[in-house]
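Peer 1: predicted coordinates and the sequence they were generated for:
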Amino acid sequence: MYEIVTKETVAPNIIHMKFKAPKIASSAKPGQFVIIRVDEKGERIPMGLAGWDEKEGTVDIVFYVLGTSTAKLSTMCEGDSLANSAGPLGKPSEIENLGRVICACGCFGVGPSLPLVKALKEKGNYVITVVEGRGPDFVFWTDRLGEFSDEVHVVTGCGKTAWANDFIEQELQSGKKINRIFAHGCPFMMKVSSDASRAAGVDTTVSLTPIMVDGTGMCGACRVEVGGETKFACVDGPEFEGHDINWDGLVLRLRQLIPEEDKSFNIWERDNWHKLMDCRHKKSFNPAKRMSVEEIEHTEANCKLAGV
């Protein structure tokens, strides 16, 4: 039922996948997520929605290959089917005309940022998108984001504006009025982005998809402390005010199963290393086909795109 329609490696170890899920596609909204299982014995993995097509009955996800479950998922090919998928889950983003907004994203967070940026622009916001990558090879979908952004900026760890949090700080210090900031990416990226806007008091919305089981608030595996209260990311989120999150507590919870995760991956890799190699050879990332930041600057016609 959940047949994979498209699979492409968009950056090193980052994969975009489109699969059939008509019921999810018919009711999905920006900010929501799905929980998928690769096989009957696989864990349930929460992933932010990177897009959907109601007419085609498909949904998109972008994921970073790290650990057993995403490694398994990365070896699946077009025509294969997922065991199951549940969604859309979580509260949708609160989309309104806020004024001037910054959407910061990096790694797998670029995926769910796309429908958010599109929805914000359709509401009349002035959208400034900043894409973070460890280098030019890790920057992708700037063309898609540029379709719905007034400005697109690329930061790759170099220079005065090295990362997304540096960009946020400089924008706020410049005196420009910023009404809201959205951040999608790894927990560290979202934490430092929230810290960058704390002094200015600009609301910063982050999206959390930690370890989950049922995704409906029954198990409590995804609990997170927000404003001194315990919240469940699956039903109370996934979006929260970044300034209110106990980031240290969240990181400790995310790291508590690392020994078991390492053991699981080592056992799986021992018998399946050839699948990973086949996957990389068939549809691997080709650095020669990637554009440099300087080349990217000249590809957008209707938005300001700069490597800062």
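Peer 2: Done, it's in. The model shown is predicted, which means the values in this text are computed figures rather than measured ones.
Peer 1: any regions of the stretch 101-250 of the chain where pLDDT drops low?
Peer 2: Counting by pLDDT under 70, the stretch 101-250 of the chain has low-confidence residues at 160.
Peer 1: show me where it has strands.
Peer 2: Counting by DSSP state E, counting those that start in this stretch, the stretch 101-250 of the chain has strands at residues 126-132, 151-155, 180-184, 204-207, 223-226, 229-232, 239-241.
Peer 1: per-residue confidence at the closest residue to Gly57 other than its chain neighbours?
Peer 2: Ranked by C-beta to C-beta, 6 or more residues apart in numbering and with sequence neighbours excluded, the top spatial neighbour of Gly57 is Pro22, at 3.4 Å. Every residue, glycine included, has its C-beta placed from N, CA and C. You'll see Pro22 listed with a pLDDT of 95.
Peer 1: from Arg100, how far off is the spatially most central residue of the chain?
Peer 2: In the chain, the centroid-proximal residue (C-alpha atoms, centre = their mean) is Gly109; its distance is 2.0 Å. According to C-beta to C-beta, to the nearest Å, Gly109 stands 21 Å off from Arg100.
Peer 1: one more: Arg180?
Peer 2: According to C-beta to C-beta, Arg180 and Arg100 sit 8 Å apart.
Peer 1: equivalent analysis for Gly242, please.
Peer 2: In this view, Gly242 and Arg100 are 18 Å apart by C-beta to C-beta.
Peer 1: the two: which is more packed in?
Peer 2: For Gly242 versus Arg100, neighbours defined as other C-beta atoms under 10 Å are more numerous around Gly242 (26 against 15).
Peer 1: in a strand, Pro88, correct?
Peer 2: Yes. Per DSSP: H, G, I helix; E, B strand; the rest coil, Pro88 lies within a strand segment.
Peer 1: can you pull the contacts of it?
Peer 2: Residues in contact with Pro88 (C-beta atoms under 8 Å, 6 or more residues apart in numbering) are 24, 27-29, 32-34, 49.
Peer 1: now for the single longest helix found in the chain, which elements pack on it?
Peer 2: Longest helix in the chain, counting residues (DSSP state H): helix 258-282. Where contact means 3 or more C-beta pairs under 8 Å, 6 or more residues apart in numbering; DSSP states H and E, helix 258-282 is packed against helix 68-74.
Peer 1: which residues sit in contact with Asn97?
Peer 2: Asn97 neighbours (C-beta under 8 Å, 6+ apart): 123-125.
Peer 1: er, Phe265 actually
Peer 2: Applying C-beta under 8 Å, 6+ apart, the residues contacting Phe265 are 67-68, 71.
Peer 1: again, but for Ile14
Peer 2: Going by C-beta under 8 Å, 6+ apart, Ile14 touches 62-65, 107-108, 138, 140.
Peer 1: neighbour-wise, which of those leads?
Peer 2: Each of the contacts of Ile14 was scored for neighbours by other C-beta under 10 Å, and Phe108 scores highest at 28 neighbours.
Peer 1: now do the helices in the stretch 101-250 of the chain.
Peer 2: Using DSSP state H, counting those that start in this stretch, the helices assigned to the stretch 101-250 of the chain run over residues 110-122, 142-146, 164-173, 187-198, 247-255.
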